[in-house]
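S.K.: quick one, structure for this:
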Amino acid sequence: MNSVSSLNRVLSTVRDGLTHMGKRDLYKVFGYQRIIRKDDYNGKYRRSIAFRIVNAYPDASWREFPKITDDGDSEEETTFEKQVSDAVEILKLDSVFKKADKAANLGRFSVLFIGIRDGESDLRQPVREGIYDISDIMHLTPYPESCITISSFNQDPTSPRFGLPELYQLTTRNDENSTRTNVGLGIEVHWTRVIHIAENSIENEVYGIPRLEPVYNYLDNIDKVIGGSSETFWLNSRGGLHVNSEADVSFDTDSSSSDNLQKNLDEYTHNLTRYIKTRGLDVNPIEFNIADPKSNFETNISLISGTTGIPQRILTGSERGELASSSDDKNWNNRVVERR
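M.R.: Okay, here's the model as predicted:
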């Protein structure tokens, strides 16, 4: 089941961008990435507006921890409610659940590893049956997909867990700032020791759709627009240069004068040097019009907003008037409530 799903995913990405009976490849023309790896999502998340896209729903969903009660009519705290409150405080459930949610948004899924004291030394075995309380749970540790390998799946067609993971290989990164998974502390655990989190799953309950996948091309567009316009501004804000030599002036390509001129031109282009020393040369500025990236940027932000369901004001943190803000807040809150 996993192999078929992976094959269909690869075939789908190969077809992406093909039009005109396969004669035109838009992905190739536009420079879009056809196959997106785990590390690519991490890279976007750490260095672009993707950070906000991944975090927006989890931050809003877990802004307040849900109230869990077994007696909604009574204002007195029951024994069960006291146990829940203790668990939230001791295990820091609000923070842990938010991290696990963000990790699931970043990839196709995440898991929350439950470090339970059940007397079993081999974590590849199921959690032993018994009655446990909060003191038996030593920790709850979220793992993103980039740190997870599903070691085996249930292959028994008669089992209720057919096609679902049996064992997980969990790897801890050596460098938390690295976008690549390093070989660190690895453990293999049984499925009863984790909570598997996958959102927007379609083909199965194992893999969801990463929050960034539907908007990845738009994120590339923004990099091109912002990066390209910034570089163009740097190069053209003071214009180009036309260097014209007089008829009786010549340069030997190996001469020091040629090297000095090239060095001087490079300093003018890449540094803040404001002058060029020449002899026998006329240097005339070439004026350029610098394109305003605002329209292209706003178009891509609008597409990202529509695809993710995150209002533009929430996405960029900008204010567009009280009426628009109130409408955005209402729509956004409704989406968050539905997700909760």
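
S.K.: now the end-to-end length of stretch 133-142.
M.R.: 21 Å (Cα to Cα, to the nearest Å).

S.K.: which residues are in contact with that stretch?
M.R.: 83, 86-87, 90-91, 93, 96, 99-100, 103, 110-118 (Cβ atoms under 8 Å, 6 or more residues apart in numbering). For every residue, glycine as well, the C-beta is placed using N, CA and C.

S.K.: could I have stretch 20-33 exported to CSV, CA atoms only?
M.R.: Extracted C-alpha coordinates of stretch 20-33, given in CSV (Å, rounded to 0.1, in the frame of the first residue of the first chain):
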residue,chain,number,x,y,z
HIS,A,20,-0.4,21.0,-24.9
MET,A,21,-0.4,17.2,-25.0
GLY,A,22,2.9,17.2,-23.1
LYS,A,23,4.7,19.4,-25.6
ARG,A,24,5.0,22.3,-23.2
ASP,A,25,6.5,22.0,-19.7
LEU,A,26,5.5,25.0,-17.6
TYR,A,27,7.5,23.8,-14.6
LYS,A,28,10.7,23.7,-16.7
VAL,A,29,10.0,27.1,-18.3
PHE,A,30,9.2,28.8,-15.0
GLY,A,31,12.0,27.0,-13.1
TYR,A,32,9.6,25.3,-10.6
GLN,A,33,10.8,22.4,-8.5
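
S.K.: what's the burial count for residue 116?
M.R.: 19 (other Cβ atoms under 10 Å).

S.K.: one more: the one 3 residues further on?
M.R.: Residues contacting residue 119 under the criterion other Cβ under 10 Å number 9.

S.K.: and it, what is it in contact with?
M.R.: residue 128.

S.K.: okay, strands next: where are they in the stretch 201-340 of the chain?
M.R.: 240-245, 281-286 (DSSP state E, counting those that start in this stretch).

S.K.: can you check the stretch 51-200 of the chain too?
M.R.: According to DSSP E, counting those that start in this stretch, the strands that the stretch 51-200 of the chain contains are 110-116, 137-144, 148-153, 165-171, 186-190, 194-197.

S.K.: out of those, deepest packed?
M.R.: strand 110-116 (a mean of 21; mean count of other Cβ atoms under 10 Å).

S.K.: that one pairs with which strands?
M.R.: strand 137-144 (antiparallel), strand 194-197 (antiparallel) (DSSP bridges).

S.K.: I'd like the strands of the stretch 51-200 of the chain written out as JSON lines, with distance to residue 126 and mean pLDDT added.
M.R.: Below are the strands of the stretch 51-200 of the chain laid out as JSON lines (distance: least, Cβ to Cβ, whole Å; pLDDT from 0 to 100):
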{"stretch": "strand 110-116", "distance to residue 126": "11", "mean pLDDT": "96"}
{"stretch": "strand 137-144", "distance to residue 126": "16", "mean pLDDT": "94"}
{"stretch": "strand 148-153", "distance to residue 126": "14", "mean pLDDT": "96"}
{"stretch": "strand 165-171", "distance to residue 126": "10", "mean pLDDT": "96"}
{"stretch": "strand 186-190", "distance to residue 126": "5", "mean pLDDT": "94"}
{"stretch": "strand 194-197", "distance to residue 126": "12", "mean pLDDT": "97"}
